[in-house]
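Undergrad: just to be clear, the model below is a prediction. Sequence and coordinates:
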Amino acid sequence: MKKLLLALTAAAAFSGSAFAADLGPRTYSKAPAPMMMAPSWTGFYIFGGAGGGLWAADSNVVTQPGNVAISRDQRFGGSGWFGTAGIGYDWQVNPSWVVGILADGQFGDIRGSINDPVVAFEGREKLRYSYAGGLRVGYLVAPNVLSYVNGGYSGSQWSGASYSTLGAGGGPALFTTPSFTRNGWFIGGGVENNLNIFGISSPGWFMKTEYRSAFYSRVTLPETFVGGGATPDSVTFKPWTQTISTSLVYRFNWTGPVVAKY
């Protein structure tokens, strides 16, 4: 009996060793690589920048009083530079679309000529500043690049004009028109992108380039002699503006891509 037990034990030990020898080396699997999550565009932002602009205006002459037209519309215009600053809030509603609200102002020196063809006098008109509030809708062409359109209300403030005779040398101002404000609407669009470029990490900092066109209602401007008293005429002024600006943007919620947990 002892001999039988010893034989069975030896056979079992031998077969177990042989089975272990047939197994390959033990392998180890690595943990999955972390997922890089795109940051959210939801949150507040501020911006400031500069650009160039044009204004154009349809203008004619009307009687004062009565506002009876005595000339046809003519198109006048001006150009110049401006600075801009503003604030906004965006919501990223899904992985591809962003909607937001905004408010901003533009200030600078966009000026041009205007004249009264009836008496052949010319003046200089300047857009002092404008302001706007509205909505924007954007599409993410990349996780950190937003292409957008915007639109809404716009207001503007214009200087008065001092009119003198047309021709070389001009002359002293003989009559003036008052400063005025105009309300209207704007539409535009642009591209905003994160400044993580050339291997430089700039969390929160963006750059945007935007085109905007604004349209304002017509105003009638009475002409007044420099020494006092009204002239027989008034001029009308119906402006619209076009601007292109580049701004530096800071987004308060932006921290860049974050690593997800396993």
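TA: Ah, there it is.
Undergrad: residues contacting Ile244?
TA: Residues touching Ile244, when contacts are defined by CB atoms under 8 Å, 6 or more residues apart in numbering, comprise Gly51, Gly52, Gly53, Thr209, Glu210, Tyr211, Arg212. Backbone N, C-alpha and C define where each C-beta goes, glycine included.
Undergrad: most widely separated two among those?
TA: Set against one another by CB to CB, the contacts of Ile244 have their most distant pair in Gly53 and Thr209, with a gap of 14.0 Å.
Undergrad: those two: which is more packed in?
TA: Set side by side, Gly53 and Thr209 show unequal neighbour counts under other CB atoms under 10 Å, the larger going to Gly53 at 23 against 14.
Undergrad: in contact with the more buried one, which residues?
TA: Remark: with contacts taken as CB under 8 Å, 6+ apart, Gly53 is in contact with Ser79, Gly80, Trp81, Phe82, Gln106, Gly108, Ile110, Leu127, Thr241, Gln242, Thr243, Ile244.
Undergrad: save those residues as CSV, and put in secondary structure, pLDDT and distance to Arg218 too.
TA: Compiled in CSV, the contacts of Gly53 are given as follows (DSSP: H, G, I helix; E, B strand; the rest coil; pLDDT from 0 to 100; distance: CB to CB, whole Å):
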residue, secondary structure, pLDDT, distance to Arg218
Ser79, strand, 96, 21
Gly80, strand, 96, 22
Trp81, strand, 96, 26
Phe82, strand, 96, 23
Gln106, strand, 96, 21
Gly108, strand, 92, 24
Ile110, strand, 95, 19
Leu127, strand, 96, 16
Thr241, strand, 97, 15
Gln242, strand, 97, 18
Thr243, strand, 97, 21
Ile244, strand, 98, 25
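Undergrad: distance of the closest residue to Ser179 other than its chain neighbours relative to Glu122?
TA: Distances taken as CB to CB, 6 or more residues apart in numbering put Gly160 closest to Ser179, at 4.4 Å, once the chain neighbours are dropped. Between Gly160 and Glu122 the distance is 14 Å, computed by CB to CB, to the nearest Å.
Undergrad: compare these two (neighbour count), which wins?
TA: Neighbours per residue (other CB under 10 Å) separate Gly160 from Glu122, with Glu122 holding more: 18 against 15.
Undergrad: please identify the buried residues of the helix or strand containing the more buried one?
TA: Following DSSP states H and E, one finds Glu122 within strand 121-142. Applying a neighbour-count criterion of 16 or more other CB atoms under 10 Å, one finds 121-123, 125-130, 132, 134, 136, 138, 140 buried in strand 121-142.
Undergrad: partners of it in the sheet?
TA: According to DSSP bridges, the neighbouring strands of strand 121-142, each with its direction, are strand 97-116 (antiparallel), strand 145-158 (antiparallel), strand 161-165 (antiparallel).
Undergrad: weakest of those strands by average pLDDT?
TA: When mean pLDDT is averaged over each of these, strand 161-165 scores lowest at a mean of 85.
Undergrad: which parts of the helix or strand hosting Leu54 are buried?
TA: With elements delineated by DSSP H and E, Leu54 resides in strand 43-59, which encompasses its position. Within strand 43-59, the residues that count as buried by 16+ other CB under 10 Å are Gly43, Tyr45, Phe47, Gly49, Gly51, Gly53, Leu54, Trp55, Ala57, Ser59.
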